[in-house]
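Participant: Compute the structure for the input listed below.
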Amino acid sequence: MLRVHGILRKFRMRLHGYNITRSKISLIGALLIVILFFVTINSSSSASLSNETERQKDILQTLSGWLPGENGKGNTVPFANTGAATGNEFNNIISTTSDKEYWRMKDKAKLRLIKEAHKVQDPGEKLLKKRHEFYSNVFKVFDQGKPKIGELNQYLAEDRIYHARYVHGEQEKLVFSEDYLKGFLHLDDSQVAAMKEAHSHVVKNLPDSLPENLYSGDGIVYVAGGKFNWLTLLSIKSVRALGSELPIEVIIPTLDQYEADLCARVFPALNARCIYLPYVLGDGSRDSYVTKFKIDGYQYKALAVLVSSFENVFLLDSDNFPVHAPDFFFDSEPFKSSGLIVWPDFWKRATSPYFYNIAGIELSQTELSPLYDEGGGQYDDVISNGVPLDLKEIPLHRRKGSIPDPTSESGQLMISKKSHIRPLLLALYYNLYGPKYYYPLFSQGSDGQGDKETFLAATTVLQKPFYQVGQFLIAFGYFDSHNDFKGTGMGQFDPVEDYYSIVKRKQAGTTSTDRDRPFEERPRVFFVHANHPKLEPWGLKKDGLIYDENGSRLRMYGKGMKKRIGYDFEAAQWSNMKSLLCDLRIHVGLYENVDRDELCSEINAQLDYLKSTASSLE
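Facilitator: Predicted coordinates for the structure are as follows:
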């Protein structure tokens, strides 16, 4: 300000002798002050933008440092040199946007970013056009295969099949026989005929193979968007911390869920990239059959597998956390020989007998499929003698030709598009018409209704190989002050160790199962599916889920996690939260209206508690 007054004094001296009034001089002086103010502000803004650019560089350098391999770039990761993290388009846009607003870009700006990022991978967009044509042709088949009847919602009673948990040896108490399973959802002959006609058309017209070079390589795929952007970031951080070099693709379903900072800077720095679903699916083209479908919810998983660039896909839920690097799965059994790996869920299969009629599958009346022993962690072969089965006393899904018990848990899935493109497309068909037709057929209102049954159902219908992990999942959680168990997640096991464990037992001719072995000698826990509640720190605080009834902090996963997976999972995840949200202060839309300092205070407090109780772990 002293500098301004000095300039004004000199200005008045130069005006001496001219016929200019004091009021005019004051006006000119005021104008000068305004001009100097804006010059100062602009200089400050430029410095602020420069500081923000430096801050972003520091963030990117830190993120890249989390990657395995030389200079944080593994040799097998194709996205490391795309330039997406510091793309010119993104930098041009944020150069005129403030730090607090650039991640709230307008839709047009987002689309520019999406197109530029895609052109890095496919400069002439020849591959994109090739995929659009393939998808449109497939969706034409789906459109022609629309059931020409109303929604399947007629039940014989108000009761549904709830809490049908799979427990070996309990079949005698409540047999899920053909007659029993026909007692819920009801279809008349005309409905069965219409469904059968539509299903048959789709199966007959699905392509037998893929166009050449449509997909390539191995990789991890997430479905994100909204709050799942944060969970995906947290899971990716965990995957990279484990040393995984697999490329990652993050499917973003809608434009409002596309967060520019994450997609253009953060994810690419972790060798991951966003794929905007409508853009790669081609639903913007008026002549595409994709536009005929309303896509939402459970349809996203099958679509994510389809539109990803990978030939071999490891699909992970955003709230699922591998506890070991999964890279070796793709080159190992059972994936090499089966092309599809699924993991078990807690529930008995409740698929309606009508489905098998619709799919043209005649279930055996003399032969049984292997019996699943969830405690033993394996399927036990059953010798058939050709004698007709007592169908009233045999579970429908023990009969040869049926989808095997138990149900599948789709928090993780592995599939080869080369060997299983037809099952993948048929699973997508089931999901597109799922809410009105196929979900009621698969689950009849039982627990876990949704996309999870569609992959194995389609594979069974088309008689393609698959591997369902034998080791039964475990529940994670803690016991409250009343000694009641509070579940917070699920643990799934290593499919490779599971496979070789079963092979070894069969080769040795032993009848021993995992019931006879201590936990440490069984296949290792490989995934923590933290599905309820989600690892979202602010929500956990607001809902009081990290406090007991007395207001004291608690461990949501109890004291046994270190013994089960080899390290303190809970402390590791809260440490990751601190790194991402507090140390790097990465912009995440979920926390737009949350005070970051207050959020970080909560994260630090919970992390301190977890560290202070580390000695109590088993």
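Participant: Grab the nearest non-local neighbour of Val528.
Facilitator: Phe321 (4.8 Å; CB to CB, 6 or more residues apart in numbering). C-beta here means a position set from N, CA and C on the backbone, and glycine is covered the same way.
Participant: Where does that neighbour sit: helix, strand or coil?
Facilitator: What DSSP: H, G, I helix; E, B strand; the rest coil gives for Phe321 is strand.
Participant: To what extent is the closest residue to Leu340 other than its chain neighbours buried, counted in neighbours?
Facilitator: Among residues not flanking Leu340 along the chain, Phe466 sits closest, at 4.2 Å (CB to CB, 6+ apart). Neighbour count of Phe466, defined by other CB atoms under 10 Å: 19.
Participant: ok, Phe466 touching Ser338?
Facilitator: Yes. Counting by CB atoms under 8 Å, Ser338 is a contact partner of Phe466 at 5.5 Å.
Participant: ok now do Pro406, which residues does it touch?
Facilitator: By CB atoms under 8 Å, 6 or more residues apart in numbering, the contact list for Pro406 reads Tyr166, Pro344, Asp345, Phe346, Trp347, Lys348, Arg349, Tyr372, Glu374.
Participant: and it, backbone torsions?
Facilitator: phi -80, psi -170 (degrees, to the nearest 10).
Participant: ok, now how distant is it from Leu617?
Facilitator: For Pro406, the distance to Leu617 (CB to CB, to the nearest Å) stands at 31 Å.
Participant: before we move on, what about Ala572?
Facilitator: For Ala572, the distance to Leu617 - CB to CB - is 12 Å.
Participant: any shared contact partners between the two?
Facilitator: What both Ala572 and Leu617 touch, as defined by CB under 8 Å, 6+ apart, is an empty set.
Participant: If I look at His532, what pLDDT would I see?
Facilitator: Among the per-residue scores, His532 holds a pLDDT of 93.
Participant: In space, what's closest to Asp179 - neighbours in sequence excluded?
Facilitator: Lys392 (6.0 Å).
Participant: let me fix that: Val307
Facilitator: In space, Val307 is closest to Val280, 4.8 Å off (CB to CB, 6+ apart).
Participant: neighbours of that neighbour, just the number please.
Facilitator: Neighbour tally, Val280, other CB under 10 Å: 23.
Participant: Phi and psi next, for it.
Facilitator: According to degrees, to the nearest 10, Val280 has phi -80, psi -20.
Participant: That one and His118 touch, don't they?
Facilitator: Yes. Look at Val280 against His118 with CB under 8 Å: they come within range, at 7.5 Å.
Participant: most neighbours, which of the contacts of Pro406?
Facilitator: Arg349 (26 neighbours).
Participant: How much space separates that one from Asp327?
Facilitator: Counting by CB to CB - Arg349 and Asp327 are separated by 32 Å.
Participant: Three-state assignment for His587, please.
Facilitator: Using three-state DSSP, the structure places His587 in coil.
Participant: Help me confirm that it comes into contact with Glu259.
Facilitator: Yes. Counting by CB under 8 Å, His587 touches Glu259, with 7.4 Å between them.
Participant: Please enumerate the strands of the chain.
Facilitator: Along the chain, the stretches classed as strands by DSSP state E are 218-223, 248-252, 272-276, 312-316, 320-322, 340-344, 371-373, 378-380, 408-416, 467-468, 474-479, 485-493, 525-529.
Participant: now for the shortest one, which elements pack on it?
Facilitator: Yep, that's strand 467-468 we're talking about. strand 340-344 (3 or more CB pairs under 8 Å, 6 or more residues apart in numbering; DSSP states H and E).
Participant: Provide a list of residues in contact with the residue most central in space within the chain.
Facilitator: The chain has Asp317 as the residue nearest its centroid, 2.8 Å off, counting by CA atoms, centre = their mean. In this structure, Asp317 makes contact with Tyr222, Val223, Ser410, Gly411, Gln412, His529, Asn531, judged by CB under 8 Å, 6+ apart.
Participant: Give me the distance between it and Leu473.
Facilitator: 14 Å.
Participant: and what of Tyr591?
Facilitator: 31 Å.
Participant: Same list (the strands of the chain) but as JSON lines, adding distance to Ser601 and mean pLDDT.
Facilitator: Formatted as JSON lines, those follow (distance: least, CB to CB, whole Å; pLDDT from 0 to 100):
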{"stretch": "strand 218-223", "distance to Ser601": "29", "mean pLDDT": "99"}
{"stretch": "strand 248-252", "distance to Ser601": "29", "mean pLDDT": "98"}
{"stretch": "strand 272-276", "distance to Ser601": "29", "mean pLDDT": "97"}
{"stretch": "strand 312-316", "distance to Ser601": "31", "mean pLDDT": "99"}
{"stretch": "strand 320-322", "distance to Ser601": "24", "mean pLDDT": "98"}
{"stretch": "strand 340-344", "distance to Ser601": "38", "mean pLDDT": "98"}
{"stretch": "strand 371-373", "distance to Ser601": "48", "mean pLDDT": "91"}
{"stretch": "strand 378-380", "distance to Ser601": "49", "mean pLDDT": "88"}
{"stretch": "strand 408-416", "distance to Ser601": "31", "mean pLDDT": "96"}
{"stretch": "strand 467-468", "distance to Ser601": "45", "mean pLDDT": "97"}
{"stretch": "strand 474-479", "distance to Ser601": "24", "mean pLDDT": "96"}
{"stretch": "strand 485-493", "distance to Ser601": "23", "mean pLDDT": "97"}
{"stretch": "strand 525-529", "distance to Ser601": "26", "mean pLDDT": "98"}
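Participant: Compare those strands and give me the one nearest Lys173.
Facilitator: strand 371-373 (16.0 Å; CB to CB).
Participant: which other residues reach that closest one?
Facilitator: 166, 168, 344, 378-380, 382, 398, 404-406, 470, 513.
Participant: What strands line up against it, and which way round?
Facilitator: According to DSSP bridges, strand 371-373 forms sheet pairs with strand 378-380 (antiparallel).
Participant: Can you list the buried residues in the strand it pairs with?
Facilitator: Gln378, Tyr379 (16 or more other CB atoms under 10 Å).
Participant: What's the local residue count around the residue nearest to Asp179?
Facilitator: When neighbours are counted by other CB under 10 Å, Lys392 registers 10.
Participant: quick one: contacts for it?
Facilitator: Applying CB under 8 Å, 6+ apart, the residues near Lys392 are Val175, Ser177, Asp179.
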